[in-house]
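Visitor: Sequence plus the predicted model coming up.
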Amino acid sequence: MNSTKHLIDEIKNILDHLPELMKEPITADNLIEKREAYGLIAAEMAREQPAIEGIETFELSASNSQDNFKVPLFFHRPTNVDNSLPCLLWIHGGGYIIGSAESDAFMAKQVAKVLDCAVAVVDYRLAPENPYPLPLQDCYAVLNYIFDNTESLNLDAKKIAVLGISAGAGLAAGLTLLNRDEAVNNLCGQVLLYPMLDDKNILAAKGPDDNFLIWPRESNLFGWQSYLGKLFGEANVPPYAAAARSENLAGLPKALVIVGDLDLFVQEDITYALELINAGVPTDLHVYSGGCHSFDKIAPESLPGKRSAQEIELFLSEIFSSPS
């Protein structure tokens, strides 16, 4: 597959000006350097982004019951609101190995503003220092914290959903499975943006035309090796770790799945969406022509970027406005 064929023009222009480090696959040798570079980019973007009026932010924490780690979360909500609000648990991307809540703060605040809802962005621990199940348990701790504190946080317990990006969407998919099986709280929806779901999607590139922009095969292999740790390559990888392995998707909340057709994850994401549909889960699937991995974050003003944002807004508006 030629990963640059019919690529969105706005993305072509941006990629041409990326530093060489940002174009290289993530490996054990450059992981620290990559984290620092992404952190600097996130900080620079935060400085350049305008303030969003009418949104307040609190830094809170939830205790992971497995090891008592205090999981940071950034809670964004409209100011001067008396009624209980819907809440979106937001899980950032980064292949399970890079990224932070800070990198998605502006987008999370935008969603809180547009949809008049609360958005809780979880700063889960990263692999390989913290392999599965710790990142998932961090997310589950925050989800339980939200449900346990709906009254004090002024939230509607019947309108709590989860959104994940890339590896964050992989965590979101695993989280909805775990939450369903624990049968304590009910989510009203899940938004999976180009989710990283299948630990078996680790084949080496067959040639220069068989690789992918932004998140190439080599990065994907290292991401899964880091996240799964000793479980990597095993036949019994649990579906909570890699949702593509699940044999039972029934009873999950309504789903929105978005991916570009030039993304390494396009096949696994389409397959997962179809399996959700076959399991009776109401599912919207959107595949965007010319979209590489993270197309909507790289080029939000492109037509596919705008359409993707509209679909997310429409989906969340629907599930948050449905009768409790």
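Guide: Looks like it arrived, so ask away. Numbers count the residues shown, from 1 in each chain.
Visitor: any idea which helix or strand comes after the helix or strand encompassing residue 42?
Guide: With elements taken from DSSP states H and E, the one containing residue 42 is helix 31-48. Stepping forward along the backbone from helix 31-48, the first helix or strand reached (DSSP H and E) is strand 55-63.
Visitor: got the contact list for stretch 122-134?
Guide: Here stretch 122-134 makes contact (C-beta atoms under 8 Å, 6 or more residues apart in numbering) with 28, 64, 66-67, 69, 71-74, 89-92, 94, 96-101, 135, 138-139, 142, 171, 223, 225-231, 240-241. Glycine gets a C-beta too; all of them are placed from N, C-alpha and C.
Visitor: Now restrict those to buried residues only.
Guide: 64, 69, 71-74, 89-92, 94, 96-101, 135, 138-139, 142, 171, 223, 225-228, 231, 240-241 (16 or more other C-beta atoms under 10 Å).
Visitor: So which of those sit within helices?
Guide: 135, 138, 139, 142, 171, 223, 225, 226, 227, 228 (DSSP state H).
Visitor: List the residues that contact residue 168.
Guide: Shown in contact with residue 168 (C-beta under 8 Å, 6+ apart): 90, 91, 92, 93, 94, 99.
Visitor: Sort out for me which of those are in strands.
Guide: Of those, the ones assigned to strands by DSSP state E are 90, 91.
Visitor: Widest-spaced pair of the contacts of residue 168?
Guide: Based on C-beta to C-beta, the longest span within these runs between 90 and 94 and measures 13.3 Å.
Visitor: about what we covered before: can you redo the ones in helices among the buried ones among the contacts of stretch 122-134 as a markdown table with distance to residue 312 and pLDDT?
Guide: As requested, those are exported to a markdown table (distance: C-beta to C-beta, whole Å; pLDDT from 0 to 100):
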| residue | distance to residue 312 | pLDDT |
| --- | --- | --- |
| 135 | 23 | 99 |
| 138 | 24 | 99 |
| 139 | 19 | 99 |
| 142 | 20 | 98 |
| 171 | 18 | 99 |
| 223 | 24 | 98 |
| 225 | 31 | 98 |
| 226 | 28 | 99 |
| 227 | 25 | 99 |
| 228 | 29 | 99 |
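Visitor: of the residues you listed, closest to residue 320?
Guide: Residue 320 has its nearest neighbour among those in residue 142, at 19.0 Å by C-beta to C-beta.
Visitor: Kind regards, and thank you for your time.
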